[in-house]
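Chemist: what follows is a predicted protein model with its sequence.
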Amino acid sequence: MMPALSRYGAPGGGHFPRMVACARDDLLLSPRSAFRVALAIPMCGSAGLWAPSCIAAAQLAVEEINRGAGIRDRPVELIMIDSAVEAAAPVDALVNALIELGAIDAIVGMHISAVRQRLAKIVQCRVPYVYTPLYEGGERTPGIFAIGETPPEQLGPALDRLQARYRPRRWAMIGNDYVWPRTSHGFARDHLRRVGAELVHERYLPFGLAAMDHEVEALAISGADALLLSLVGQDAVEFNRAFGAAGLDRQMIRLCCAVEENGLLAIGADNLKRLFSAAAYFGVLSTDANAAFREGYHSFHGDHAPMLNALGQSTYEGMHFLRALMAPGGDEWRGWTGPQAARVAHRSARWQVRGGAGRERPIYLARADGLLFHIEERLDRIAV
């Protein structure tokens with residue numbers, strides 16, 4: 001298990017991981033010339049498989065930012081915090097202590113929404129908090145900037161395209177028992193009802209369920225011919241392995257928006273037939289912005305770098321968003337909410353520069369092809 005609290009300083013080579021465990025007192029006693037960003041990511045539990053890609057992408061962003069003027073003319077330093085729900089140290093208590101002691105200047109978080117809701121209660125605009133992954137939408141807390149895709153952007157167009165192509169009549173929905181799956185499935189339920197599809201099976205599972213065979217068996221007899229799966233990390237891996245072993249790919253298609261490239265490797269090619277995902281970023285995306293990102297990423301980390309994927313890219317984008325957010329030098333961000341954040345122009349591997357009214361957020365539909373995703377098409381363009 002990785003340490004709950006660790007530090008990374010950017011200048012110098014590009015080897016992964018470049019972190020050292022540190023105690024809270026070490027942060028207080030070390031020089032405060034650096035702009036310290038708490039990188040809150042799950043390092044254990046169901047979502048822990050996302051950590052290497054998220055750390056590696058954030059490290060590249062730090063190197064790029066520090067190649068310039070840093071943030072507010074201070075070099076950026078990452079403080080790694082384990083934000084898994086299974087973490088030994090409660091992340092909200094740890095973050096609160098670091099803020100009160102003046103040990104961090106900002107937070108970039110790539111973790112589940114349940115953790116964001118806990119942190120929202122204690123951060124309270126004391127430091128800027130950039131939340132990077134896809135999520136259920138609706139975050140309007142001042143000082144929290146959610147930059148990921150939401151169900152109307154991501155899920156709605158994907159459901160429309162799969163309905164048009166395969167015409168499933170009976171859907172099932174399975175997710176972990178927390179706010180993102182429940183809210184996203186509520187959106188999907190309403191969306192599918194409008195096109196005449198029926199929901200025949202819906203289940204919410206605890207994190208770390210030991211065996212998925214019973215859930216797969218219940219799904220098999222439900223009569224569903226399509227599945228929306230919103231399990232995260234290792235839970236999604238275990239379910240999809242059991243799904244594939246039962247041969248359910250012959251019975252139904254799967255839409256799994258939280259399964260990324262690391263998940264494909266763990267699930268195995270034999271268990272990935274007719275598995276789809278929708279996202280604004282995939283590692284194979286053929287754009288100028290992603291070509292530049294891929295070149296920088298592999299130059300910095302080498303041939304054995306963690307897999308590129310949407311969740312990892314989100315921490316890269318989150319760091320660049322933070323730099324742009326803080327560039328004016330004042331405290332304007334304290335009163336800003338989500339709509340104001342759309343005006344912040346920043347670097348992203350999803351597009352060359354993100355920001356400004358009326359910009360489009362591309363969403364792509366991809367199908368698992370072996371152990372990689374194959375992007376089939378760009379879905380409906382949605383202005384933000």
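Modeler: Received, thanks.
Chemist: quickly list what L78 is bridged to.
Modeler: Taking DSSP bridges as the rule, L78 bridges to Y8, V37.
Chemist: just checking, it touches A40?
Modeler: No. Contact criterion C-beta atoms under 8 Å: L78 and A40 do not qualify, at 10.5 Å. Every residue, glycine included, has its C-beta placed from N, CA and C.
Chemist: what's the neighbour count on D160?
Modeler: 15 (other C-beta atoms under 10 Å).
Chemist: which positions within stretch 193-208 qualify as buried?
Modeler: For stretch 193-208, burial by neighbour count (16 or more other C-beta atoms under 10 Å) applies to A197, L199, H201, L205, F207.
Chemist: partners of the host helix or strand of L365 in the sheet?
Modeler: Using DSSP states H and E, L365 sits in strand 364-369. The pairing partners recorded for strand 364-369 under DSSP bridges are strand 275-279 (antiparallel), strand 372-378 (antiparallel).
Chemist: tell me which of those strands sits most buried.
Modeler: Counting by mean count of other C-beta atoms under 10 Å, strand 275-279 has the highest mean neighbour count of the strands paired with strand 364-369, with a mean of 25.
Chemist: average pLDDT across the next helix or strand after that strand?
Modeler: Downstream of strand 275-279, the next assigned helix or strand under DSSP H and E is helix 288-301. Averaged across helix 288-301, the pLDDT comes to 95.
Chemist: buried ones in helix 288-301?
Modeler: A289, N290, F293, R294, G296, Y297, F300, H301.
Chemist: for stretch 220-237, same thing?
Modeler: Those buried within stretch 220-237 under the rule 16+ other C-beta under 10 Å are 220, 222, 224-237.
Chemist: among the residues you listed, which ones are in strands?
Modeler: Judged by DSSP state E, the subset of these located in strands is A226, L227, L228, L229, S230.
Chemist: quick check: the farthest pair among those?
Modeler: The distance between the two most remote of those (C-beta to C-beta) is 13.7 Å, for A226 and S230.
Chemist: now do the nearest residue to T337 once chain neighbours are set aside against A146, distance only.
Modeler: Excluding the flanking residues, the one nearest T337 by C-beta to C-beta, 6 or more residues apart in numbering is R140, at 4.8 Å. According to C-beta to C-beta, to the nearest Å, R140 and A146 sit 9 Å apart.
Chemist: those two - which one has more neighbours?
Modeler: A146 (25 against 10).
Chemist: what's the helix or strand for the nearest residue to Y129 once chain neighbours are set aside?
Modeler: Nearest residue to Y129 in three dimensions, chain neighbours excluded: I107, at 4.4 Å (C-beta to C-beta, 6+ apart). Using DSSP H and E, I107 falls within strand 106-109.
Chemist: care to break this protein down by domain?
Modeler: If you go by automatic domain parsing, the domain ranges for the chain are 5-149+286-351, 151-279+363-383.
Chemist: ok, of those, where does mean pLDDT dip lowest?
Modeler: domain 5-149+286-351 (a mean of 87).
Chemist: who touches the strand holding I107?
Modeler: 35-41, 58, 71, 83, 95, 115-116, 119, 123, 127-132, 315, 318-319, 322, 326 (C-beta atoms under 8 Å, 6 or more residues apart in numbering).
Chemist: pull the residues that contact the following helix or strand past that strand.
Modeler: Next helix or strand after strand 106-109 toward the C-terminus (DSSP H and E): helix 113-123. Helix 113-123 has contacts (C-beta under 8 Å, 6+ apart) with 40, 83, 85, 91-92, 95-96, 99, 107, 109, 129, 131, 135-136, 139, 141, 143-144, 146, 178-180.
Chemist: and what of stretch 313-329?
Modeler: So stretch 313-329 is in contact with 37, 39, 41, 54-55, 57-58, 60-62, 64-65, 71-72, 76, 106, 108-110, 128, 130-133, 145, 147-148, 281, 293, 333, 341, 344-350, 354-355, going by C-beta under 8 Å, 6+ apart.
Chemist: which residues does the residue lying closest to V91 once chain neighbours are set aside contact?
Modeler: The spatially closest residue to V91, leaving aside those adjacent along the chain, is S83, at 4.6 Å (C-beta to C-beta, 6+ apart). S83 makes contacts with A40, I41, P42, M43, V91, G109, H111, V115, as judged by C-beta under 8 Å, 6+ apart.
Chemist: 6 Å instead, please
Modeler: Shown in contact with S83 (C-beta atoms under 6 Å, 6 or more residues apart in numbering): A40, I41, P42, V91, H111, V115.
Chemist: comparing L78 and A40, which shows the higher neighbour count?
Modeler: Remark: of L78 and A40, A40 carries more neighbours, 28 against 25, as counted by other C-beta under 10 Å.
Chemist: what sits against the more buried one?
Modeler: Going by C-beta under 6 Å, 6+ apart, the list of residues near A40 reads I81, S83, I107, G109, H111.
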